[in-house]
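In: sharing a model prediction with you, sequence too.
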Amino acid sequence: MSDDPGMDNDVKKAEVNKLITNIFNRPAKAEAEAPSSLFRKTAHPAAPEKKPLIPALAARKAVRSTGCIGLDIGTSSVKAVQFTDTGAKKVLESIAVEEFSAKDYEGPGRDAALKEILVKLKHHGKLNGQCAVTFSMPELSVEFIRLPQMPQAEMLSALDWELKERYSFDSEVSVFDYTMLAESVFEGEKHQEILAVIAPRKRIVEHLQILSGVGIKVAAIEPAPFAAFESFGESPAWKPEEVTVLLDMGAKYTTINLIKDNSLCFSRVSFVAGESMTKAIADYCQLERGVAERYKKDFGMSKMVLEEDRKNPEVAGELRVKIAHALGLHMEQLYSEIERSFRFLSYEVCASPLEKIDRFVLCGGASGLKNFVNFLAGRFTAPVEVANPLAQIEAPADRFDLDYLKVASPSLAAAAGLALRSDK
């Protein structure tokens, strides 16, 4: 279960199972509205036939409070954010971003490097309190499930069967959480909509060990898509009736999150991300990785009319054109995955044709690729904006570099969303 030789002696399997259940999973509850460590449910008004999958952000504002530290353990960096609440506004209390070195980016030295970063952050007072945590976990699966209406006890059994049969869920290797969503009328009959999240048990245990080993108190573990979505809870980021794609672009993978009616409806992982972009440039242009990374940042998608440029002998050999073409070809995979996600939302989740994607919102460290906003807008003929999850948060100018915050803000979405939890 872990490389730590003291693991089996110090933490018995039964204790680990209990810890995971308490932090990540949803145990049986007597009250339907009891809080969950993963999903924060609130009462919301009934709607005829179909309600949002995740309760609208407007319904959650009344129960939000601050005090929890948001800790985002990404592939290439660790981010920590904390707010304080003055009653009238939220104020940025602390922020920290620590990058993994190139040699510790991935591989056997990563866990030791992560421990060093966490100890450093704790020493500087950035992690002294309850932490809500998310971490890089591409294996995580977010599944929309629709079951016929039935008594709750039978519903839970049916959900367990559905997870095992359709998604090969095995409690020995995975943990799951879920939220009962709304009732809907599907094919003339009442159904219960459910959103389930399945995560690898080993990954949860390993991260809990590292965190507890350096004295960090974990209040909850939350999947990054939900954390990023929650970071916009105090602003009118999502417009009613629109289909918005929240594209969280990291170093190793990108999450494609679809939002409709102010609600997160669907999430899937794409491996078109910062690292794969660099590799695409290196392979296409025959460059070393470090050089390709530098050129990616310098040039980005600097030429939009790629085919015309490539056929023009005067510019076809220019490095910036080759880099733009390499990225353009690579990005087609991401565009295809976005389109498939939209079709799934339209026909499987909403069960009715949707016309188009209305808007894109970008976040994550890789979302700052030069000219990607224009390229994406042209590809989908939809407006694209770069997220600023700190837009509604006051940051004292005498304590923070406001220019840095403006640049870093898109990469802080998950940490900011976690910091807005009500856990104490």
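Out: Sure, I can see it. Residues are numbered from 1 along each chain as shown.
In: contacts, neighbours, all on C-alpha from now
Out: Noted.
In: stretch 320-327: how far from the chain's middle?
Out: Averaging C-alpha positions (C-alpha atoms, centre = their mean, to the nearest Å) puts stretch 320-327 28 Å from its chain's average.
In: again, but for stretch 208-217
Out: On C-alpha atoms, centre = their mean, the centre of stretch 208-217 falls 22 Å from the chain's centre.
In: endpoints of it, how far apart?
Out: Stretch 208-217 stretches 10 Å from its first residue to its last (C-alpha to C-alpha, to the nearest Å).
In: so what touches that stretch?
Out: Under the criterion C-alpha atoms under 8 Å, 6 or more residues apart in numbering, residues 111, 115, 118, 119, 127, 128, 129, 130, 131, 218 lie in contact with stretch 208-217.
In: pretty sure the second one sits in a strand.
Out: It stands for residue 115. No - with DSSP: H, G, I helix; E, B strand; the rest coil as the criterion, residue 115 is helix rather than part of a strand.
In: end-to-end on stretch 144-161?
Out: Terminal-residue distance, stretch 144-161 (C-alpha to C-alpha): 15 Å.
In: for that stretch, buried residues please.
Out: By 16 or more other C-alpha atoms under 10 Å, the buried positions in stretch 144-161 come out as 144, 145, 146, 147, 148, 149, 155, 159.
In: give me the average confidence score over that stretch.
Out: Regarding stretch 144-161, the rounded mean pLDDT is 85.
In: could I get the contacts of stretch 208-217 as a markdown table with distance to residue 263?
Out: Converted to a markdown table, the contacts of stretch 208-217 look like this (distance: C-alpha to C-alpha, whole Å):
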| residue | distance to residue 263 |
| --- | --- |
| 111 | 35 |
| 115 | 35 |
| 118 | 33 |
| 119 | 37 |
| 127 | 30 |
| 128 | 32 |
| 129 | 30 |
| 130 | 27 |
| 131 | 25 |
| 218 | 27 |
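In: wait, which of those residues is closest to residue 326?
Out: Nearest to residue 326 out of the contacts of stretch 208-217 is residue 111 (C-alpha to C-alpha; 33.1 Å).
In: and that closest one, what does it touch?
Out: Residue 111 neighbours (C-alpha under 8 Å, 6+ apart): residue 210.
In: so it sits in a helix?
Out: Yes - the assignment for residue 111 is a helix, going by three-state DSSP.
In: let me see the contact set for residue 267.
Out: Residues in contact with residue 267 (C-alpha under 8 Å, 6+ apart) are 142, 225, 255, 256, 257, 258.
In: sort these by pLDDT and name the bottom one.
Out: Scoring these by pLDDT puts residue 142 last, at 83.
In: following the helix or strand residue 185 falls within, which helix or strand shows up next?
Out: Using DSSP states H and E, residue 185 falls within strand 174-186. The first helix or strand that comes after strand 174-186 along the chain, using DSSP H and E, is strand 189-200.
In: give the next helix or strand downstream of that following strand.
Out: Defined by DSSP H and E, the subsequent element after strand 189-200 is helix 201-213.
In: so for the next helix or strand after that next one, mean pLDDT?
Out: Note on helix 201-213: by DSSP H and E, the next helix or strand toward the C-terminus is strand 217-221. Strand 217-221 shows a mean pLDDT of 88.
In: strand 217-221: how far from the chain's middle?
Out: 17 Å.
In: neighbouring strands for that strand, and are they parallel or not?
Out: Here strand 217-221 is paired, per DSSP bridges, with strand 130-135 (parallel).
In: so for the strand it pairs with, what's the average pLDDT?
Out: This predicted structure assigns strand 130-135 an average pLDDT of 91.
In: would you pull up how far the helix or strand just after it lies from the middle of the chain?
Out: Sequence order places strand 141-148 as the next helix or strand after strand 130-135, per DSSP H and E. For strand 141-148, the gap between its own C-alpha mean and the chain's C-alpha mean amounts to 19 Å (C-alpha atoms, centre = their mean).
In: ok so, going back, now do the buried residues in the strand holding residue 185.
Out: 174, 175, 176, 177, 178, 179, 180, 181, 182, 183, 184, 186.
In: what bridges to the first one?
Out: Applying DSSP bridges to residue 174 gives these bridge partners: residue 200.
In: my understanding was that residue 129 contacts residue 69; is that so?
Out: Yes - taking C-alpha atoms under 8 Å as the definition, residue 129 is a contact partner of residue 69 at 6.8 Å.
In: so those two - more neighbours on which side?
Out: More crowded of residue 129 and residue 69, by other C-alpha atoms under 10 Å: residue 69, with 32 against 17.
In: measure that one to residue 281 for me?
Out: The gap separating residue 69 from residue 281 is 37 Å, by C-alpha to C-alpha.
In: before we move on, what about residue 74?
Out: Counting by C-alpha to C-alpha, the gap from residue 74 to residue 281 is 23 Å.
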